[in-house]
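Chemist: Task: produce atomic coordinates for the following.
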Amino acid sequence: MYPDLVTSLDKQVGSNIVRFRAKHSQQSVADAMRERGWKWSQATVWGVEKGERPLRLAEATDLAEVLGIMLPALLALPEEALVHESMHQCRSAHEALKGTATAYLEATLHVQVSLDQARDAGVQLGDAIGEGGGWLELGPEQVVREARAEWEQRSGAPVKRGRSRKGQGDGKR
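Modeler: Residues are numbered from 1 along each chain as shown. I've put the predicted structure just below:
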């Protein structure tokens, strides 16, 4: 009975690795594990994902780091793994949004500097260009609000705006 339990757990862990490896190739995971001192190849990743090769705890710790997840996500049952995956995707999107907002701020600053330099040089700019098309005054926060409104209109489902957390209150008195 014990070998069946191990096989079942190994398969569950393997399934979760596949789930969280989505953007990584087996080879890139093996490379990252080798950088951490493990003798892994693409075949090792394949064997672990199939549940045919058990994953050592120390390997699992490094693998979770490589995949950008918490260690418990590797052991999660399918329903729980879906929650972990959704949270992982949300965290990745959060980081991407921060990067995009930074790029937006830098780009709008560059446009403003370019417009100022052109004006200082006496260049006559068309109305749309000279005013920056109106969107230059929008900060990333307003752009996100616009994206949210468009998404809600397309999907027909409002996004939860926040949730009450113990000790933070819900704004109601």
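Chemist: Pull the contacting residues for the most centrally placed residue in the chain.
Modeler: The chain has Ser92 as the residue nearest its centroid, 1.0 Å off, counting by Cα atoms, centre = their mean. Shown in contact with Ser92 (Cβ atoms under 8 Å, 6 or more residues apart in numbering): Gly68. Bear in mind the C-beta positions are built from the backbone N, C-alpha and C, glycine included.
Chemist: Average pLDDT for the host helix or strand of it, rounded please.
Modeler: In this assignment (DSSP states H and E), Ser92 forms part of helix 78-120. The pLDDT scores in helix 78-120 average 87.
Chemist: Put the alpha carbons of the host helix or strand of Gln153 into PDB.
Modeler: Taking DSSP H and E as the definition, one finds Gln153 inside helix 140-155. C-alpha atoms of helix 140-155 as PDB (Å, rounded to 0.1, in the frame of the first residue of the first chain):
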ATOM      1  CA  PRO A 140      -1.300  55.100 -15.000                       C
ATOM      2  CA  GLU A 141      -4.000  55.000 -12.300                       C
ATOM      3  CA  GLN A 142      -6.500  56.500 -14.700                       C
ATOM      4  CA  VAL A 143      -5.400  54.100 -17.500                       C
ATOM      5  CA  VAL A 144      -6.000  51.200 -15.100                       C
ATOM      6  CA  ARG A 145      -9.500  52.600 -14.300                       C
ATOM      7  CA  GLU A 146     -10.300  52.900 -18.000                       C
ATOM      8  CA  ALA A 147      -9.100  49.300 -18.500                       C
ATOM      9  CA  ARG A 148     -11.200  48.100 -15.600                       C
ATOM     10  CA  ALA A 149     -14.300  49.800 -17.000                       C
ATOM     11  CA  GLU A 150     -13.800  48.400 -20.500                       C
ATOM     12  CA  TRP A 151     -13.200  44.900 -19.100                       C
ATOM     13  CA  GLU A 152     -16.300  45.100 -16.900                       C
ATOM     14  CA  GLN A 153     -18.400  46.300 -19.900                       C
ATOM     15  CA  ARG A 154     -17.000  43.400 -22.100                       C
ATOM     16  CA  SER A 155     -17.400  40.700 -19.500                       C
END
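Chemist: so what does that helix touch, helix or strand wise?
Modeler: For helix 140-155, the packing partners by 3 or more Cβ pairs under 8 Å, 6 or more residues apart in numbering; DSSP states H and E come out as helix 78-120.
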